[in-house]
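Participant: Next input, structure requested:
(one chain, ligands or ions: 2)
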Amino acid sequence: MNSLIRLKTPAEIRKMREAGRIVAEVHEGLTERIRPGVKIADLDAYAETLIRSRGAIPAFKGYPHSSGDPRRAFPATICASVNDEIVHGIPDERILQEGDIIGVDCGAILDGWYGDAARTFPVGGVSEEASALLNATRESLEKGIRAIKVGRPLGSVGNAIQRHVEPLGYSVVREFVGHGIGSNLHEEPKVPNYGSRKSGPTVEVGLTIAIEPMVNAGGFAARMDNDGWTVRTADGRLSAHFENSVAVTSDGVEVLTAL
Ligand code: MG
Ligand code: MG
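Facilitator: Ligands and ions are numbered 1, 2, ... in the order given. The predicted model follows:
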């Protein structure tokens, strides 16, 4: 395996499970809070309060901007990406409307170990088109996780995701990919949501990665807003995002961002 990949011990994976559980708690709490009329900034405040109440720290708040300008660091606990926004939307005063979909990405740090997970939620009743996209993206994450096998190339993950969603007419975002995770939010290896099953490093026990398919209803092209963070579909169509942090153990593959 790529020498930049840091495999984790069972004790380290235990720490990551605790961090991951806090992120899962946030998503669980958001499931009942996300509804028409809710202000996105209030969801962010909920997430931050819950994470800090568990003795953890929000992992995204203050995350450096690609420009290196400290004034442009990410300002919030969650990324909130509505409708055609793919990822990295900034929580603000916007009010959720019936029929919206909102992707919430959240990370927590506990005793120096990271958890990272995303869900896309329907706001009230949503269109058939939106509902089908959410289901397919969630399923693609499950298929990606099931494709992980010790001794097999990691490319089997992205290949499984791509093969699930493309026949449905959807596309997989190229510019953003999953990642190793551990005592950093983003570690080696990269985990693309597309490509050959023969690509990538060989999976070994101790590998810990965040798998995060971003699936567009239309084309995969993306563009960045002037805020320097929000990424949305170039064609204005819907996008969904689901993510779990997982560990490869001697007993199999474990989802760390679970209750
Ligand atoms: Mg994430
Ligand atoms: Mg991630």
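Participant: From now on I want contacts and neighbour counts done on CA atoms only, so please keep to that.
Facilitator: Noted.
Participant: Which phi and psi values does residue 225 adopt?
Facilitator: As for residue 225, its main-chain torsions (degrees, to the nearest 10) stand at phi -70, psi 170.
Participant: how far does stretch 58-69 sit from the chain's center?
Facilitator: Chain-centre distance of stretch 58-69: 16 Å, with C-alpha atoms, centre = their mean, to the nearest Å.
Participant: Could I get the CA-only coordinates of it as CSV?
Facilitator: Only the C-alpha atoms of stretch 58-69 are listed here, as CSV (Å, rounded to 0.1, in the frame of the first residue of the first chain):
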residue,chain,number,x,y,z
PRO,A,58,-16.4,20.9,15.2
ALA,A,59,-14.0,19.7,12.6
PHE,A,60,-15.0,22.1,9.8
LYS,A,61,-15.1,25.4,11.7
GLY,A,62,-11.9,27.3,10.8
TYR,A,63,-11.0,24.8,8.1
PRO,A,64,-8.4,26.6,5.9
HIS,A,65,-9.6,28.1,2.6
SER,A,66,-7.6,26.9,-0.5
SER,A,67,-6.3,30.5,-0.9
GLY,A,68,-4.6,30.3,2.5
ASP,A,69,-6.3,33.5,3.5
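Participant: What's the mean pLDDT across that stretch?
Facilitator: What stretch 58-69 shows for mean pLDDT is 96.
Participant: Stretch 173-182 now?
Facilitator: Taken as a whole, stretch 173-182 has an average pLDDT of 98.
Participant: Same question for stretch 124-131.
Facilitator: For stretch 124-131, the per-residue pLDDT averages 98.
Participant: And the pLDDT at the closest residue to residue 48 other than its chain neighbours?
Facilitator: In space, and not counting its chain neighbours, residue 48 is closest to residue 77: 5.7 Å by C-alpha to C-alpha, 6 or more residues apart in numbering. For residue 77, the model assigns a pLDDT of 98.
Participant: likewise the one 3 residues further on?
Facilitator: Confidence at residue 80, expressed as pLDDT, is 98.
Participant: For the closest residue to residue 115 other than its chain neighbours, grab the count of nearby residues.
Facilitator: Excluding its sequence neighbours, the residue lying closest to residue 115 (C-alpha to C-alpha, 6+ apart) is residue 20, at 4.2 Å. Per other C-alpha atoms under 10 Å, the neighbour tally for residue 20 reads 28.
Participant: name the helices or strands packed onto the helix or strand hosting residue 20?
Facilitator: Element membership for residue 20, per DSSP states H and E: helix 10-33. Judged by 3 or more C-alpha pairs under 8 Å, 6 or more residues apart in numbering; DSSP states H and E, the packing partners of helix 10-33 are helix 40-53, strand 101-110, strand 113-122, strand 244-249.
Participant: Repeat the analysis, applying 6 Å as the threshold.
Facilitator: Helix 10-33 sits against strand 113-122, with contacts defined as 3 or more C-alpha pairs under 6 Å, 6 or more residues apart in numbering; DSSP states H and E.
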